[in-house]
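J.: predicted structure and sequence below. I'll ask about it afterward.
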Amino acid sequence: MKFSHSLQINAVPEWTDKYLAYSNLKKAIYQLEKEQTPDAAVPYSDDAEGEILESAALLREPNQSASNKIFIPLLDRELQRIVAFYTDKERELEADREALLGDIERVEVAEFPYGEGDGEDEEGSDEGSDDEDVDAVPRLRRSSGSRRRPSWRGRRASKADLFSDPTRYNESHPHDTDLREAHYAQPAPDSPESSNLLLPPASDGGSSSHTRFPTDATRRPRTLSNPSNGHNRSPSAPNKRPSTRRLSMSFFGRRRSATAAEIAPGEAGASVWTAESDYAIDQRIMFKRRITDLFVAFSELKQYVELNRTGMKKILKKYDKITDNDLKDTFLEQVVDRAYPFQKGTIERPDESILSLAQAYAKVVTLGDVDLALKQLRSHLREHIVLERNTVWRQMVGQERRAHGISLSQPQLAIAKAGKATGIARYVPSWLSRRLVVSTLAAAVLMAVVDADIYDRPEEQNCLAILIFCTILWSTEAVPLFVTSLMVPFLVVVLRVIRTSDDERAPANDAAKYIFSQMMNPTIFLLLGGFTIAAALSKHGIDRVLAMRVLSLAGTRPSFVLLAHMAVACFASMWISNVAAPVLCFSLIQPILRKLPPKSPYAKSLILGIALAANIGGQASPIASPQNLIALQAMDPPLDWLQWFAIALPVSAISLILIWLLLLLSFGSGRGTVINRIRTSKDSFTPTQWFIAAVTIFTIALWCVEHTIEPVVGDMGVIAIIPIVAFFGTGVLTAHDFNSFLWTIVFLAMGGIALGKAVVSSGLLDSVDQFVNNAVAGMGVWQILAVFSAVALVVSTFISHTIAAVLLVPIAAQVGQGLETPHPRLLIMATALICSAGMGLPVSGFPNISAVSQEDEMGERYLFTGDFLKNGIPASILAAVTVDTVGYLLMRLLGL
């Protein structure tokens, strides 16, 4: 999560504008990066009003850069604002705490009624209560050394008098009682203490009374020598106050004071923190709430300091990284840590206040148990934070949804403005969607081909129906690609297209076992091993560190910078897939794009070059893309990694250079574009990063010599288990990372393998082979390669690269096997390489989709379909020609 989002979630809502303006400082950093600021001194004020920059000494140093002289005053202003707010808030909270502790002490030493009988008729006391003079002020008469009943003169006591004078409390007017009961009868739902204090005892089954008063039998005896000290409680004393108490008001009569008989034995000597009178209980509830509120406030103040210091540290780190300065450690040590809120003594002061509040809470609520008090206070704080965070998070999500809804509603508004549908469109029902139409068409074709009479054997007929059905759904993407792949084993078993070794139609149970065993094969584990390595490299930033170091060698010449970024995208695609590689590279070029003028041709060439290079990188290693794994699965025997590298790396390098020259010809060399040198990260490798690098290199080395150690490991899929166990077993990756794998790609590859096995087992591939052999009769290997290259390039341009390999690799294997001199592996390898070269449209592979979605600061896209048509199609042709020439020569030299 970005720190700006973390700051927004964790900030106190009422203090939102008092925190470090992290986003504004980040914008200032980008502005400093974009503009070359002259080395001018930045004025600062030393006037009597106290507007002195905290880091004035830093600015006076002669070696300060121009960016420091601009950025340091910005930090100073933020720091002064933080200091001013913290000082005021701390003073306010400390005053509230002192007042609270003073009130607790005053109530503790004050006399209060324990509920003695007043000897006065309750009904008689109601007489004339509504006719009393409301202008008179009640006075309390006391004699020395004894308590008397209050003498009412004039109107009833105000609520302020009730809480300040305990002896008037239980004699208040019923209206005041109602208000007080309504105010205090709503304890926190998760607070057992409040519930125990406020709830009356359960009424007896036969009782019809609305007010139940406790008796000696229902009261719990107390043996408390010192209620303020939890260590002096007897073992038999309860851990909390009795949950039984009398109701404060009767629904049918005026509330009365407790009589002496209703007081538990030994309670007459109890304090306000243990007594059962209404006054004592309500005082405890009131103080509990005040203490809880102050505890939360002091905890928030403590977090305020922590968040702001973290923000300072992060913004200084970003500033040093982008502007190539070394300000962070100096500024934190000489300025931030010396400011009042961040001093050691200041940081410890809230803890002392929190401890005093916990002690007060223990006295008032938990009978002197400080540990229990802290536990309950932290529970209140946790509930408070969860409520606030949920509220803030809900607001953030709502804003995102509203923004997304606005963007989605624009086309709908345009359609609405265009008027109602005309012509035949008026008769098309709203539920008739493209997905429904295509799916219905595919199902109809499936049933029609199954019932047709094309082949003699039903296995071939049904397999052809499945092949056409899947091709329609895969090419149109009417349903997700992996959903179509999951339908393959179902249709293969139900339509019984698998043959046994005796060339008989396999029963359903044998067909199911066979097809599932083929789907989960070593190739899938090789794919999972590649995903694991990619996840570890990305999660721990190794890919970014390596990319930055390579880009730092490119210099500042725009044409070489373009080539360097293309090389990084190609290399990254080899190891972290051509899905994650363009995302990484697009984040690396953001500093360059921010400094370019609008509609800059160099921005187009940079983004398009990364996308095309990422597609080419899909050729370079066996785990770079699923089509390579499908090709390895079809080879017998499969190539090892060294053989693959010997063919794919030269082909990819030459294709990359040709596409680079094409982009320079199309968009220009970028002359006049100012580019700052990419700076490498100053952070050294951590032990975790070294561990990941060692395991990755060791695994790749084993893959390269797999043929040599095959008697030991058996297959490359077994070697792929090493990084899976190493990274997930040591905690480098977590279960969440495992769940984040591209499982749609895994199931897509499994479905493709299942369909390929079905085509071979049913005999359909032999029939197709006869047709293709007749079409290419008399052609040599190179001519057949050229035909397959053209077909593969067209198919992979319009549909998924993986699906193109699923459809074409089995045919290439069969045709190559049927040649006078068999070359099945040559045609398979060439087909797989060319499937990665299909990049002529915005939808031709994920790198193109990611590139066309890139937008500038104004929300306008950098690339459009025309840019891909003018550059992507020629680039695809250049890459295919490279495979047919250089790749063909290398494959023949290796004996394919």
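T.: The structure has been received and is ready for your questions. Owing to the predicted nature of the structure, the values given are computational and were not obtained by experimental measurement.
J.: could you point out which element follows the least confident helix or strand in the chain by mean pLDDT?
T.: When each helix and strand of the chain is scored by mean pLDDT, DSSP states H and E, helix 192-198 comes last, with a mean of 38. The first helix or strand that comes after helix 192-198 along the chain, using DSSP states H and E, is helix 278-323.
J.: run the chain-centre distance for that next one.
T.: 25 Å (C-alpha atoms, centre = their mean, to the nearest Å).
J.: now the next helix or strand after it: buried residues?
T.: Toward the C-terminal end, the helix or strand that comes next after helix 278-323 (DSSP H and E) is helix 328-334. Residues of helix 328-334 classed as buried: Lys328, Phe331, Leu332 (neighbour count, 16 or more other C-beta atoms under 10 Å). C-beta coordinates here come from the backbone N, C-alpha and C atoms, glycine included.
J.: what number of residues lie near Val109?
T.: 9 (other C-beta atoms under 10 Å).
J.: tell me the contacts of Ile454?
T.: Glu460, Gln461, Leu464 (C-beta atoms under 8 Å, 6 or more residues apart in numbering).
J.: now with 7 Å?
T.: Gln461, Leu464 (C-beta atoms under 7 Å, 6 or more residues apart in numbering).
J.: what does the model give it for pLDDT?
T.: We have a pLDDT of 83 for Ile454.
J.: repeat that for Val760.
T.: Looking at Val760, the pLDDT reads 83.
J.: grab the nearest non-local neighbour of it.
T.: Counting by C-beta to C-beta, 6 or more residues apart in numbering, Val760 lies nearest to Pro810, which is 6.6 Å off, once chain neighbours are set aside.
J.: Val843 now?
T.: Ile849 (6.4 Å).
J.: and that neighbour, what element?
T.: Going by DSSP H and E, Ile849 is part of helix 846-852.
J.: how close does the closest residue to Ala735 other than its chain neighbours sit to Ile722?
T.: Spatial nearest neighbour of Ala735, chain neighbours left out: Phe728 (8.0 Å); criterion: C-beta to C-beta, 6+ apart. With the distance defined as C-beta to C-beta, to the nearest Å, Phe728 ends up 11 Å from Ile722.
J.: related to what we said a few turns ago, burial check on the residue nearest to Val760, number of neighbours?
T.: Around Pro810 there are 26 residues (other C-beta under 10 Å).
J.: now do the contacts for it.
T.: Ala634, Gly756, Val759, Val760, Leu765.
J.: of those residues, which belong to helices?
T.: Ala634, Gly756, Val759, Val760, Leu765 (DSSP state H).
J.: put together CSV for those residues, with distance to Asn24 and neighbour count on each row.
T.: Putting the ones in helices among the contacts of Pro810 into CSV (distance: C-beta to C-beta, whole Å; neighbours: other C-beta atoms under 10 Å) gives the following:
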residue, distance to Asn24, neighbour count
Ala634, 57, 25
Gly756, 57, 23
Val759, 61, 26
Val760, 63, 18
Leu765, 64, 21
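J.: return the closest of those residues with respect to Val568.
T.: Using C-beta to C-beta, Ala634 comes nearest to Val568 of these, at 31.1 Å.
J.: need the contact list for that closest one.
T.: Gly756, Val809, Pro810, Ala813, Ile828.
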